[in-house]
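Sequence and predicted structure, then a few things I'm wondering about:
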Amino acid sequence: MNTSKRFTMTLAILTMATTSLFGQYPQPGDRFGRSSSDDFQADNGFDRVRKVTGSVSSDFPEMPASWKDFSSRTRSSFAPADPFGPARYDHGDFRSRDGEQTRYRVPYDRGDTNDGDYSDEMDDRLNLRDRERFDVGSTFDRLDRGLDDRFDRRNDNQAPVRRYNNDRYRPSNDRDPFVPAPLPESRSNDESAAIDELITIRYQNPVNVRAIRAMSSAQAVQLFSEVSQKIDERSLEPTSYDLRVRRALRNLSIALDNPAFVNGLGLSADSFRMDAYRNTLARLADSAQVRNYQDARTVLNSVMQSATSVQGLTPSVVAFEFANASIDTLDKFSGLEVADPASRNGAELAGMKSAALEEEIVGVGVEVREHAEGLLVVKPLRGGPAAEAGIETGDVLVSINNREIAGMKMANSVDLMKGASGSQMKVRIYRDGKGERDFVLTRRKVRVWTVNDTKLLSGTDVGYFSLSRFSQSSTAELDQALNSLYSKGMKSLIIDLRGNPGGLLTTCVEISDRFLACGKIVSTKGRLSSDNMIEEATYGKTWSVPLVVLVDGDSASASEIFAAAIQENDRGVLVGTKSYGKGSVQTHFPLSAIGGDLRLTTALFYSPNGRKMAGEGVTPDVEINDRDGVANGDEVLIEAVRIARSQTLKDMAKASGTCKPKNPSAARSSSLSNIADPSRVGTTVR
């Protein structure tokens with residue numbers, strides 16, 4: 001009896017085991033252990049599910065290798081795939097938590113075969129996380145496709161895969177449609193690189209970094225508000241808030257990978273938190289509806305709040321970048337110049353346009369530009385410590401206070417030159433052919449002269465001077481130079497504007513007035529009636545001396561206005577090469593949130609004949625391209641001397657002096673005093 005019971009129980013167990021076995025593992029022609037007569041109608045999509053080959057024998061076996069193998073599969077080791085990472089291929093039972101047999105993320109067969117090698121496909125999946133990380137180029141390409149599609153697949157990745165004969169789910173290029181395809185190449189790599197370079201320049205500037213650290217969150221938000229308001233009210237071509245916010249989000253996303261931004265602000269190197277914050281920026285860019293300032297503030301508040309997850313990324317940094325990004329969407333001449341909190345309590349920019357346009361600076365008196373080995377001396381300022389010590393044009397500063405500056409960005413090396421009046425600075429210079437030499441210079445107030453090299457050219461009665469920029473003191477300097485040359489017997493004059501980047505419009509009009517007895521000097525057209533003005537000659541005592549003006553590709557803005565006024569009023573002759581073509585008006589607005597200056601393009605310049613100058617420039621009457629420069633003789637100046645002594649130029653000067661101003665008592669526009677060009681690009685005065 002006992003033997004019979006044991007046999008019956010053993011048979012029952014074997015029967016249950018066999019039933020379980022054939023229920024879990026489908027047989028050929030009977031996928032779910034059911035006969036063809038069963039009522040269950042199989043989903044045709046499952047006809048394409050294959051056995052994975054090329055791995056190990058335990059992956060989707062048709063039959064267990066042994067009873068031991070079978071028993072080991074009764075405990076599931078499968079975990080739902082991370083929707084932001086690669087699919088997992090754990091060996092073991094592929095069953096759902098409730099015990100039903102399911103298949104997860106099984107790739108389609110290629111060409112309806114069952115014996116392909118899919119190792120490459122698995123490698124693709126295992127490397128998916130690396131491809132999925134947000135990078136500079138791909139972040140905003142993803143926005144165009146819609147990030148929500150990726151995030152909405154989260155639940156699909158954790159659910160059993162069902163295949164449908166629907167085009168939406170068909171594989172493309174033999175890839176599993178449930179695995180996101182590799183991101184396309186960015187369509188805006190050039191723009192991303194430009195933004196990255198702009199961020200590098202911005203955050204390699206120690207003044208900006210110090211200003212950010214000194215400002216509170218409230219000040220930073222106020223700065224964004226102030227910049228936004230001025231753009232709305234005064235910018236010649238204001239951009240939409242949607243564009244400004246998207247640019248800010250993109251700037252921040254790119255900045256997270258920018259060494260100057262990360263190192264300058266001391267951000268944490270936690271890549272996980274960086275990625276999470278970058279994802280937040282991308283989602284906001286995709287979903288935010290920004291129609292006005294209030295919407296922009298809402299996004300700003302959200303980004304500022306999320307920024308606290310990244311160590312070192314303060315709300316002030318976010319708001320500061322939002323303000324700068326708004327300006328970035330405008331033309332290249334608009335900009336934000338913050339005051340240095342470490343210098344005179346940040347007051348040096350209050351009511352000032354730039355150091356180059358001031359009458360005096362505190363420093364060693366040298367104009368420099370960036371050089372591979374340090375700083376190249378463009379010229380020592382007349383009467384300054386550098387000139388008195390013997391530093392010359394062409395010298396290269398290679399160290400400052402025993403610190404090597406080769407390869408250092410100009411903003412950083414120039415920052416090392418700052419100091420209070422009376423303090424000393426040790427510099428080492430390299431002079432071609434003579435080697436290196438140390439100088440100890442004492443900082444003090446230095447007059448910034450803009451009229452230089454005043455002289456009668458050797459063996460002639462032709463006067464000459466160069467005008468480096470139109471600054472606050474330029475008119476008085478020019479008057480002094482003209483009187484000096486006249487007393488020495490000047491009969492004709494050459495004014496050299498080569499390399500002059502412009503300056504103050506009011507100074508330009510004053511100097512033009514010194515040579516034009518009548519006629520229009522310049523007109524401007526902007527959004528507001530106050531931006532529209534016409535300036536004409538009104539000065540009663542003009543110089544009738546024959547005049548030649550030298551220009552080149554670096555002559556810009558105010559230089560072009562003066563040159564066009566002389567040319568189109570038949571007052572003189574232009575010699576050289578075509579000018580730069582910067583025909584826009586920048587109005588300066590002192591900031592109230594922080595110390596500094598907001599510069600916005602508010603109008604365009606038009607020549608006396610009504611010609612738009614932006615992008616066009618001024619074409620000289622006599623075009624000479626001196627390719628080897630002045631090293632082998634200044635061909636432009638030589639030709640200018642010949643023209644200056646010609647009878648044709650004398651007749652032109654005589655004819656221009658016969659007219660009278662239409663309204664000699666007309667007042668100048670009140671807007672002139674606030675119009676100035678940016679500092680010379682690439683050089684600075686210290």
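Structure's in. What do you need?

quick check: domain ranges of this structure?
Domain ranges of the chain: 1-42, 43-62+74-132, 189-330, 365-447, 451-681, per automatic domain parsing.

what about stretch 364-381, how long is it end to end?
Here the two ends of stretch 364-381 are set 9 Å apart, with distance taken as C-alpha to C-alpha, to the nearest Å.

swap in stretch 332-342?
End residues of stretch 332-342 are separated by 28 Å (C-alpha to C-alpha).

ok so, going back, out of the domains of the chain, the one nearest residue 359 is which?
Residue 359 lies closest, by C-beta to C-beta, to one member of these: domain 451-681, at 4.5 Å. Where C-beta positions appear, they are placed from N, C-alpha and C, glycine not excepted.

What's the mean pLDDT across the closest one?
Per-region confidence: domain 451-681 scores 88 on mean pLDDT.

SS state for residue 225?
Put simply, residue 225 is helix when judged by DSSP: H, G, I helix; E, B strand; the rest coil.

again with the one 3 residues further on
Using three-state DSSP, the structure places residue 228 in helix.

Chain neighbours aside, what residue packs nearest to it?
Closest residue to residue 228 apart from its sequence neighbours, by C-beta to C-beta, 6 or more residues apart in numbering: residue 293 at 5.6 Å.

for the one you found, what are its contacts?
225, 228-229, 232, 241 (C-beta atoms under 8 Å, 6 or more residues apart in numbering).

Run a quick neighbour tally on residue 512.
28 (other C-beta atoms under 10 Å).

Put the alpha carbons of the helix or strand containing it into CSV.
Taking DSSP states H and E as the definition, residue 512 sits inside helix 505-513. These are the backbone C-alpha positions of helix 505-513, laid out as CSV (Å, rounded to 0.1, in the frame of the first residue of the first chain):
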residue,chain,number,x,y,z
LEU,A,505,29.9,110.2,-31.9
THR,A,506,29.8,113.6,-30.4
THR,A,507,33.5,113.9,-30.8
CYS,A,508,33.3,112.7,-34.3
VAL,A,509,30.8,115.4,-35.2
GLU,A,510,32.9,118.1,-33.5
ILE,A,511,36.0,117.2,-35.5
SER,A,512,34.1,116.9,-38.7
ASP,A,513,32.8,120.4,-38.1
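
And the contacts of that helix?
Residues outside helix 505-513 that contact it (C-beta under 8 Å, 6+ apart) are 467, 470-472, 474-475, 478, 502, 521-522, 535, 537-539, 542, 558, 561-562, 565-566, 585, 668, 672-673, 675-676.

Can I get the buried part of these as one ChimeraX selection?
To isolate the buried ones among those in ChimeraX, judged by 16 or more other C-beta atoms under 10 Å, type:
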select :467,470,471,472,474,475,478,502,521,522,535,537,538,539,542,558,561,562,565,566,585,672,675,676
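
which SS state does residue 639 fall under?
Going by three-state DSSP: residue 639 is helix.

which other helices and strands contact the strand ranked longest in the chain?
The longest strand of the chain (DSSP state E) is strand 596-606. When contacts are defined as 3 or more C-beta pairs under 8 Å, 6 or more residues apart in numbering; DSSP states H and E, strand 596-606 packs onto helix 217-234, strand 335-338, strand 520-526, strand 584-590.

Residue 437: which of those is closest?
Using C-beta to C-beta, the nearest of the helices and strands packed on strand 596-606 to residue 437 is strand 335-338, at 34.5 Å.

list the helices and strands that closest one packs on?
Strand 335-338 sits against helix 206-214, helix 315-328, strand 596-606, with contacts defined as 3+ C-beta pairs under 8 Å, 6+ apart.

Swap in 6 Å and give it another go.
Secondary-structure packing of strand 335-338 (3 or more C-beta pairs under 6 Å, 6 or more residues apart in numbering; DSSP states H and E): strand 596-606.

send the alpha carbons of the strand it packs on over as CSV?
Output in CSV follows, covering the C-alpha atoms of strand 596-606 (Å, rounded to 0.1, in the frame of the first residue of the first chain):
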residue,chain,number,x,y,z
GLY,A,596,28.6,98.7,-15.0
ASP,A,597,27.3,99.6,-18.4
LEU,A,598,24.8,98.2,-20.9
ARG,A,599,25.6,98.8,-24.5
LEU,A,600,22.8,98.4,-27.0
THR,A,601,22.5,99.1,-30.8
THR,A,602,19.8,101.6,-31.1
ALA,A,603,20.1,103.0,-34.6
LEU,A,604,22.0,102.9,-37.9
PHE,A,605,24.3,105.4,-39.5
TYR,A,606,23.7,107.0,-42.9
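
Residues contacting the very next helix or strand once past it, please?
On the C-terminal side of strand 596-606, the closest following helix or strand by DSSP H and E is strand 622-623. With C-beta atoms under 6 Å, 6 or more residues apart in numbering as the test, strand 622-623 has contacts from residue 575.

and with 8 Å instead?
For strand 622-623, the surrounding residues in contact (C-beta under 8 Å, 6+ apart) are 573-578, 639, 643.

what does stretch 393-405 give?
With C-beta under 8 Å, 6+ apart as the criterion, stretch 393-405 contacts 368, 371, 373-380, 406, 412-413, 416-417, 425-432, 436.

what's the answer for stretch 469-482, then?
By C-beta under 8 Å, 6+ apart, the residues outside stretch 469-482 that reach it are 356-359, 448-451, 454, 463, 465, 467, 493, 500-505, 507-508, 510-511, 514, 543, 558-559, 562, 680.

Would you mind measuring from the closest residue to residue 291 other than its chain neighbours to residue 294?
Nearest non-adjacent residue to residue 291, counting by C-beta to C-beta, 6+ apart: residue 241, 6.7 Å away. For residue 241, the distance to residue 294 equals 9 Å [C-beta to C-beta, to the nearest Å].

so which helix or strand takes in residue 386?
In the assignment (DSSP H and E), residue 386 maps to helix 385-389.

Also residue 197?
Per DSSP H and E, residue 197 falls inside helix 189-203.

got the angle for that helix vs helix 206-214?
70 degrees (axes from the mean of the first three to the mean of the last three C-alpha atoms, to 10 degrees).

Can you give me the buried ones in helix 189-203?
Judged by neighbour count using 16+ other C-beta under 10 Å, the buried positions of helix 189-203 are 192, 195-196, 198-200, 202-203.

What average pLDDT does that helix get?
Average pLDDT, helix 189-203: 91.

so that helix versus helix 315-328, what angle?
130 degrees.

Next, the residues that contact helix 189-203 from outside, please.
For helix 189-203, the surrounding residues in contact (C-beta under 8 Å, 6+ apart) are 136-137, 186, 208-209, 250-251, 254-255, 258-261, 264-265, 324, 328, 409, 411.

Sweet, I'm off.
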